[in-house]
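Visitor: Show me how the following folds:
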Amino acid sequence: MNKKEENKVKKEPDYVGHRQRLKARFLSDLGRSMPDYEILELVLMYAIPRRDVKPLAKELLREYKTLSAVIAADQSSLTDFPGLGSSAVTLFSLIHSCVNKICWENLEKNNEPILRSMTEVVEYCRSHIGYEKQEKLLVIYLGNKFKYIKHSLEQTGTTSAVMINPQQIARNALLCNAASVIVCHNHPSGECSPSKSDIEMTLNLKQSLEGVGIGLTDHIIISPKEHYSFYERSYILQTGNGKVQMI
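Guide: Below you'll find the predicted structure:
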């Protein structure tokens, strides 16, 4: 080794060898044995090639708690994060968009009715709005035999509430010839048990949709780690005295 090569080796940052080992570990089992901070570090390496990004990966996880929450975080929130540049924010958004697209392609290509793929529906809803810090309403429009037609984000609320407009959802369903709909909203608190207003809102939406011959297939409440499905809990009923109750 000549002197020039020796100087190059000496100047090489310590993290270069660490990155190569990290890549090799990922390729050995596609990251199954790696903690979240190492996978996030690996992602950051491609956006920030000339810096040790392990401290940044750990700071992001301290702030957002999970790898999924980091990737799904709002762009404006990430842009303001110290040490995180536009390239990393764009890369996170790209990964998040790819995950959403894969989830929906799985549903659209599935020849089975959508309710036989409820795990995929829940995971898509979680990826799309489950990590939001404000409540949002996602509506999925279904055709005959519960086949997917389209989805839309129709409302944004506060940190603790989102309003559902039953008439607007019914109109949109008629416009796309939907036979039924699934609605999903997130609970930023992480607790997915429905509130009294959630139950009443679901009943009102169910009645509005049925008034124009459209079914309410499910109302899903989602958070980063949990979900509550009215369909899985056998829906809600209105008793003879006008009170709402769960079955």
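
Visitor: From now on I want contacts and neighbour counts done on CA atoms only, so please keep to that.
Guide: Noted.

Visitor: packing partners for the biggest helix by length in the chain?
Guide: Longest helix of the chain, by residue count under DSSP state H: helix 86-109. Contacts of helix 86-109 with other secondary structure elements, assessed using 3 or more Cα pairs under 8 Å, 6 or more residues apart in numbering; DSSP states H and E, are made with helix 36-47, helix 67-72, helix 75-79, helix 118-125.

Visitor: Alpha carbons only: can I get the longest one in CSV?
Guide: When you say that, I think you mean helix 36-47. Backbone C-alpha positions of helix 36-47 (Å, rounded to 0.1, in the frame of the first residue of the first chain) are rendered in CSV as follows:
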residue,chain,number,x,y,z
ASP,A,36,-36.0,-0.2,14.4
TYR,A,37,-33.2,2.3,14.9
GLU,A,38,-30.9,0.3,12.7
ILE,A,39,-33.4,-0.1,9.9
LEU,A,40,-34.1,3.7,10.1
GLU,A,41,-30.3,4.3,10.2
LEU,A,42,-30.0,2.2,7.0
VAL,A,43,-32.7,4.3,5.3
LEU,A,44,-31.1,7.6,6.4
MET,A,45,-27.8,6.4,4.9
TYR,A,46,-29.2,6.7,1.4
ALA,A,47,-30.5,10.3,2.0
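
Visitor: what's it in contact with?
Guide: By Cα atoms under 8 Å, 6 or more residues apart in numbering, the residues outside helix 36-47 that reach it are 19, 22-23, 26, 31, 51, 53-54, 56-58, 61, 66-67, 87-88, 91.

Visitor: After it, which helix or strand is next? Please name it.
Guide: For helix 36-47, the succeeding helix or strand toward the C-terminus, using DSSP states H and E, is helix 54-64.

Visitor: just checking, Ala173 touches Gln167?
Guide: No - distance between Ala173 and Gln167: 9.8 Å, which falls outside the contact criterion (Cα atoms under 8 Å).

Visitor: The two: who's more crowded?
Guide: Summary of the neighbour comparison: Ala173 and Gln167, criterion other Cα atoms under 10 Å, with Ala173 having more neighbours (25 against 14).

Visitor: tell me the SS of the residue nearest to the more buried one when sequence neighbours are not counted?
Guide: Excluding its sequence neighbours, the residue lying closest to Ala173 (Cα to Cα, 6 or more residues apart in numbering) is Tyr141, at 6.6 Å. With DSSP: H, G, I helix; E, B strand; the rest coil as the basis, Tyr141 sits in strand.
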